[in-house]
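Asker: take this sequence and fold it.
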Amino acid sequence: MALLAEAGPPVPPPADGPPRRRPVRRALKYVVAVGSVSAVATIGIVVGLNRLTGAGPVTERCTAVLDGSDWYLSPGQADNAALVVGTSVARGLPARAATIGLATALQESKLVNIDYGDRDSVGLFQQRPSQGWGTVGEIMDPVYSTNAFYDVLVEVEGYEDMAVTDAAQTVQRSGFPDAYAQHEMRSRAWASALTGNSPAALSCELAPVANADQIAPDAARDVVVGRLGRDLGLASATGAADPNRQDPASSTVTVDATPLTPDDPQRGAWATGQWAVATAQTTQAVEVHVADRVWLREEAAWVAAETRLSPGEVRITVDAAE
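Answerer: Predicted coordinates:
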């Protein structure tokens, strides 16, 4: 992990319990597209063998695919990546900003919100209170620290055309200025998926939601809605139980992602949908429906859906206590 050297003050911001098995019935509702079979074969074998005994995946992990390469993060790292990229999208920044943000956080903290570091550095971006980044409490808030990073980045003239490591170093002033480059490809893959530029490119292998971890349906929906507002600024999300579902314990949050990318609502839907997959361990999401595709937690893959949603619409189904 590269640690900060003499990071200067930021540019002032602009004024502005065994696991519960899911019913087999879902296999009748969704069919796997032929083209998806080979892409998920390896994952299907590993996860499928575990499901024969009712266990979760051997290793929980999330994957972003770009140009045929798989780039992995742990579910905890993926959750923080969803915030870092989601914040950039909500602020209307280009995907390049998200790539720079992810590469920086990967180098500084391994995308983990740690409360220690070089000298007084803390948080996702290892920002230093003594250098004007804020108080320890503020910096340990990942929402604050992520916005503080972007507040400085957007003041760097021409950052969109700079090498990722140079842009990151201009903000961070690290003792290891070239270290950010090693994270560029992973960051590009995750930024492309979480900004909605690469549809159905992000998936997570997660264990089923344990009975002991389940909460009431209303509370489960509130978790999703709260995170949508925090990470993406989508306060218009609405939660409602789906009366057509056979399992009344599962509830669905319907999201209008159009405000996220008004000129391209479908990209906003994919940004929101893949954000929902990346945060699924926290929110207990088990299904995410975008366009004519649906991510199934039990399959660890995007498969064909029976129906196609309108552009900008996303449906996130969470597992909740009966």
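Asker: how near is Leu111 to Gln77?
Answerer: Distance from Leu111 to Gln77, counting by Cβ to Cβ, to the nearest Å: 4 Å. Any C-beta I mention is one placed from the backbone N, CA and C, and that applies to glycine too.
Asker: of the two, which one has the most company?
Answerer: Per other Cβ atoms under 10 Å, whichever of Leu111 and Gln77 has more neighbours is Leu111, with 25 against 21.
Asker: contacts only, for that one.
Answerer: By Cβ atoms under 8 Å, 6 or more residues apart in numbering, the residues touching Leu111 are 73, 77, 80-81, 84, 102, 105, 124.
Asker: let me know the pLDDT of it.
Answerer: pLDDT, Leu111: 98.
Asker: ditto for Ala301
Answerer: pLDDT, Ala301: 98.
Asker: swap in Thr59?
Answerer: Model confidence at Thr59, expressed as pLDDT, equals 87.
Asker: which residue, neighbours along the chain excluded, lies closest to it?
Answerer: Take Thr59 and drop its neighbours on the chain: the residue closest to it by Cβ to Cβ, 6 or more residues apart in numbering is Glu205, 7.3 Å away.
Asker: what's the neighbour count on the one you found?
Answerer: Other residues lying near Glu205 total 22 when counted by other Cβ under 10 Å.
Asker: do the same with Val253
Answerer: When neighbours are counted by other Cβ under 10 Å, Val253 registers 23.
Asker: and if you look at Arg308?
Answerer: 13.
Asker: next one: Val143
Answerer: Neighbour tally, Val143, other Cβ under 10 Å: 12.
Asker: in contact with it, which residues are there?
Answerer: Contacts of Val143 by Cβ under 8 Å, 6+ apart are 83, 87, 230.
Asker: tell me the secondary structure at the last one.
Answerer: Okay, so that is Arg230. helix (DSSP: H, G, I helix; E, B strand; the rest coil).
Asker: quick one, phi psi at Asn113?
Answerer: In terms of degrees, to the nearest 10, the main-chain angles of Asn113 are phi -80, psi 80.
Asker: hang on, isn't it packed against Leu83?
Answerer: No - under the criterion of Cβ atoms under 8 Å, Asn113 is not in contact with Leu83, lying 9.5 Å apart.
Asker: these two: which is more packed in?
Answerer: Counted by other Cβ under 10 Å, Asn113 and Leu83 do not tie: Leu83 has more neighbours, with 26 against 19.
Asker: using the three-state scheme, assign that one.
Answerer: helix.
Asker: for Pro311, same thing?
Answerer: At Pro311 the chain is in coil, as set by three-state DSSP.
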